[in-house]
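Enquirer: This is the structure alone, sequence omitted:
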């Protein structure tokens, strides 16, 4: 078994004290890393339990550890630890209760992750929409709608987060179809990009459409279902970025869908050997209060998102597709994590509708929110007030939580883009289809950030953008570089039966609004 152990390091700068310029990986490791003597001391204790440190990242803040289940049990004494059967028959490894951090470790160890294989990253992709909906938008139409600056992201690096299941009986449960991306780009007259597939702890089936179909014929139905449920998200993310930034260096990182998998993926992006991306797209999340999160996991993830922000990486995270509910049943409003972290750009969703004889009026995406099903049009943008403190760049935001006795926390989303009708034109398993959700709006924003960064002067590149976006905002006026969304809501029915509404200026369903790319580029040259 493999674990990730987070060590206690120097405090990272708070949102208020973040440096203006991006730090390199080496600078972060030197300034905020853990002394080698401490790492060696922890490694020696681990070895006494027959556990081996196989990799050190984040300047010693993150250790990858390997050992047997028996050795791990002796070292950390989980209350209960075994194999659990989920609905549908899938077995996962999980534990109950907190791990015991012995006195030998307690001074140095902040958290231990990887024992629990429960899924904490829910895919936000919608099922394909009904056939009678309007024609989905092509890459060219998306560029026109959001006024993308010219170029194809030359010289930029974009990372995409994807998740799968650990192999069971040697069968792979994560895949990427190379021929679909090539065919999609060629169909829309775009260069075919070179895409790096980065495996973070799980094998990935990289194949052509024919190879994918042959593989499906050889595996059991449950493996087919698992692959089909994930391949649509992967190919949607890849095709949106590939078509909008075909000259960029694109890296797709695959990890397990557990909290340990997300931690390892962020370690790989921020402390691995690959180039530092200007944007990371994460089209997954789970409600902040969902019981799937273990104590300490969100803190460990948030720390790594903070390190990404220090490197000038704008992590784009989808705000969710279930409106104010976020798939919870406690009759309260919720927002999703990691979208609610102050160190990400939270991306909400819109839709184009017909009003007063006009076509293409953009408003907040909300169609049958809270139904947790339906066709590809059903769902609504996530949005609301987080339990995270409100960052200083939102000091002019006056929105309050709809939950009683809640703090005036961080408000999400920050920005929005198309998530609902008419959806996005895509290609999956060789077949033309359409899809959407905030998980489509998220890679669109990552692509726009790369296109903008490529046009900025060197001194203005590779910057954590959320705090700069709010510098462009004036209450009652709006934000330079954004088109305000003033109609719609994200109320989930029947629970909680309330939600947040669009308004003039910033709101908790569309944020600052949707981008006007060329104007946003000009504005970022000035801040």
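Expert: Arrived safely. Note that the structure is predicted; figures quoted are calculated from it, not measured.

Enquirer: check contacts around the residue positioned nearest the centre of the chain.
Expert: The residue lying closest to the centre of the chain (Cα atoms, centre = their mean) is residue 282, at 1.9 Å. Going by Cβ atoms under 8 Å, 6 or more residues apart in numbering, residue 282 touches 161, 315-318, 338, 344, 442. No exception for glycine: its C-beta is placed from N, CA and C like everyone else's.

Enquirer: pLDDT on the helix ranked longest in the chain, on average?
Expert: If you go by DSSP state H, the chain has its longest helix at helix 221-244. Averaged across helix 221-244, pLDDT comes to 91.

Enquirer: likewise stretch 316-332?
Expert: Across stretch 316-332, the average pLDDT comes to 95.

Enquirer: Likewise for stretch 486-506?
Expert: Stretch 486-506 comes out at a mean pLDDT of 95.

Enquirer: And the contacts of that stretch?
Expert: The contact list for stretch 486-506 (Cβ under 8 Å, 6+ apart) reads 322-325, 328-329, 331-333, 350, 363-366, 369-371, 380-384, 396-397, 399, 402, 411, 473, 475-479, 484-485, 507-510, 512.

Enquirer: what about 7 Å?
Expert: Applying Cβ atoms under 7 Å, 6 or more residues apart in numbering, the contact partners of stretch 486-506 are 322-325, 329, 331-333, 363-364, 366, 369-370, 380-384, 397, 402, 473, 475-476, 478, 484-485, 507-510, 512.

Enquirer: Can you say which of the residues you listed are buried?
Expert: Neighbour-count burial within those applies to 322-325, 332-333, 363-364, 366, 369-370, 380-384, 397, 402, 473, 478, 484-485, 507-510, 512; the criterion is 16 or more other Cβ atoms under 10 Å.

Enquirer: Quick one: mean pLDDT over the strand or helix carrying residue 37.
Expert: Using DSSP states H and E, residue 37 maps to helix 36-48. For helix 36-48, mean pLDDT is 94.

Enquirer: Just give the number of residues close to residue 411.
Expert: For residue 411, the neighbour count with other Cβ atoms under 10 Å is 27.

Enquirer: Which other helices and strands does the helix or strand hosting it contact?
Expert: Following DSSP H and E, one finds residue 411 within strand 409-412. Applying 3 or more Cβ pairs under 7 Å, 6 or more residues apart in numbering; DSSP states H and E, we find strand 409-412 packed against strand 384-389.

Enquirer: What's the first helix or strand after the helix holding residue 37?
Expert: strand 52-57.

Enquirer: by contact count, what packs against that next one?
Expert: When contacts are defined as 3+ Cβ pairs under 7 Å, 6+ apart, strand 52-57 packs onto helix 36-48, strand 62-66.

Enquirer: deepest of these, which one?
Expert: strand 62-66 (a mean of 22; mean count of other Cβ atoms under 10 Å).

Enquirer: Could you count how many residues lie near residue 52?
Expert: As a burial measure, residue 52 scores 12 neighbours (other Cβ under 10 Å).

Enquirer: Could you give the bridge partners of it?
Expert: residue 66 (DSSP bridges).

Enquirer: Correct me if wrong: it contacts residue 67.
Expert: Yes - Residue 52 lies in contact with residue 67 (Cβ atoms under 7 Å); the separation is 6.4 Å.

Enquirer: returning to what we had before: list the buried residues in the longest helix of the chain.
Expert: Those would be 223, 226-227, 230-244, for helix 221-244 by 16+ other Cβ under 10 Å.

Enquirer: on that earlier part again, turn the helices and strands packed on strand 52-57 into CSV, including distance to residue 21.
Expert: Formatted as CSV, the helices and strands packed on strand 52-57 follow (distance: least, Cβ to Cβ, whole Å):
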stretch, distance to residue 21
helix 36-48, 27
strand 62-66, 24
